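>>> Structure, please.
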Amino acid sequence: MSYLKKIGALFVSSALLAAALTGCGSSSGSTSDTGSQAEGGDGNYNISIVFKTTSNEYTQYMIAGAKKAAEETGAVLDMKGATSETAYDEQQNMIETDLHANKYDASWIKFYENTNDVLKTSTIIQLDLCKKQVREDNDVIGYAGFKETFSGQKFDLISIDAPFGTPCYIYARTDILELLPDCLKKDFVILLDDYNRKGEQNMIKLLKEKLEDKQIEYCEGIYSGNKDTFVITSLKYKFLVSL
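Got it, this is the predicted structure:
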């Protein structure tokens, strides 16, 4: 954990898991034609839940249970789902709409700090999302002010798992390229999640170009499962690419 220093938590701050936490809000209850339902108590937490669909009986049981928990805890819920389990575009659009709303990070950070012992040597930094141009791609999702925030610092471990990699047409998760190779210590490890996607694969090509331009030797490896994770290290840590 000491390796994370000031950069580690940044790369997960935009991840939307089963439920995303957002800021305090007023109590409300409503149902719309889009399958979105809001329910809440005193507004301590605002939670967004995206179901595959809200039309089947099993989901209705989950919605009822979530409403009951919200009444007991004072949470405000925004529950929504597609018109059917196979309406994949509709499901993806709901998730991407929540992610693009840029409203979850601050409360996620507060929740994390209140429920975990954050090391004194670690700092969680929130940056807004924006679109950037990387070579021929002018629709790359990135973090505003990333280079200015971390310039002049050096890291031995960099873990990249954000921002979300879709929809990215050519490149994804390219912010780190703005700092390389100056941000690396002599011995380093870089991890990139979701390497099975083209955007991340193309980003790694650019990353390796930067290292090679400065004649920095490296080792690389891929760990595969449901998704792929790419690992690139200095020679000292080459054992990490073949565990």
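>>> got the buried residues for stretch 107-122?
For stretch 107-122, burial by neighbour count (16 or more other C-beta atoms under 10 Å) applies to 107-109. Where C-beta positions appear, they are placed from N, C-alpha and C, glycine not excepted.
>>> So which elements touch the strand or helix carrying I47?
Using DSSP states H and E, I47 sits within strand 45-53. Strand 45-53 is packed against strand 19-22, helix 57-73, strand 75-82, helix 88-100, helix 105-115, with contacts defined by 3 or more C-beta pairs under 8 Å, 6 or more residues apart in numbering; DSSP states H and E.
>>> Send over it as CSV, restricted to the C-alpha atoms.
In CSV, the C-alpha atoms belonging to strand 45-53 read as follows (Å, rounded to 0.1, in the frame of the first residue of the first chain):
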residue,chain,number,x,y,z
TYR,A,45,-26.8,9.0,1.0
ASN,A,46,-27.9,9.2,-2.6
ILE,A,47,-27.5,5.8,-4.3
SER,A,48,-27.9,4.9,-7.9
ILE,A,49,-28.6,1.3,-8.9
VAL,A,50,-28.8,0.2,-12.5
PHE,A,51,-30.6,-3.2,-13.0
LYS,A,52,-30.5,-5.2,-16.2
THR,A,53,-34.3,-4.7,-16.2
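>>> strand partners of it, parallel vs antiparallel please.
For strand 45-53, the pairing partners within the sheet under DSSP bridges are strand 19-22 (antiparallel), strand 75-82 (parallel).
>>> Next, count neighbours for V50.
When neighbours are defined as other C-beta atoms under 10 Å, V50 has 22 of them.
>>> what's across from it in the sheet?
Under DSSP bridges, the beta-bridge partners of V50 are K80.
>>> about what we covered before: any idea which of the strands paired with strand 45-53 scores lowest on pLDDT?
Least confident of these, judged by mean pLDDT, is strand 19-22 with a mean of 32.
>>> Looking at the helices and strands packed on strand 45-53, which is nearest to D139?
Among these, the nearest to D139 by C-beta to C-beta is helix 88-100 (12.6 Å).
>>> Tell me which other helices or strands that closest one touches.
Contacts defined by 3+ C-beta pairs under 8 Å, 6+ apart place helix 88-100 against strand 45-53, strand 75-82.
>>> between those strands, which gets nearest to E178?
With C-beta to C-beta as the criterion, E178 lies closest to strand 45-53 of the helices and strands packed on helix 88-100, at 30.4 Å.
>>> I'd like to check the angle between that closest one and helix 57-73, please.
170 degrees (axes from the mean of the first three to the mean of the last three C-alpha atoms, to 10 degrees).
>>> Please name the residues that touch K154.
Neighbouring residues of K154 by C-beta atoms under 8 Å, 6 or more residues apart in numbering: 182-185.
>>> Can you select the buried ones from those in PyMOL?
Selecting only the buried entries of those in PyMOL, with 16+ other C-beta under 10 Å as the criterion:
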select buried, resi 183+184
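>>> could you give me the average pLDDT of the strand holding I47?
Per-residue pLDDT values over strand 45-53 give a mean of 85.
>>> As TSV, the buried residues of stretch 107-122 with distance to A70 would be great.
Listed next are those as TSV, based on distance: C-beta to C-beta, whole Å:
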residue	distance to A70
S107	16
W108	18
I109	22
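>>> ok, those residues vs Y171, which is closest?
Distances from Y171 to these, taken as C-beta to C-beta, are shortest for W108 (25.5 Å).
>>> okay, the nearest residue to F150 once chain neighbours are set aside: pLDDT?
Excluding the flanking residues, the one nearest F150 by C-beta to C-beta, 6 or more residues apart in numbering is L179, at 5.9 Å. For L179, the pLDDT comes out at 98.
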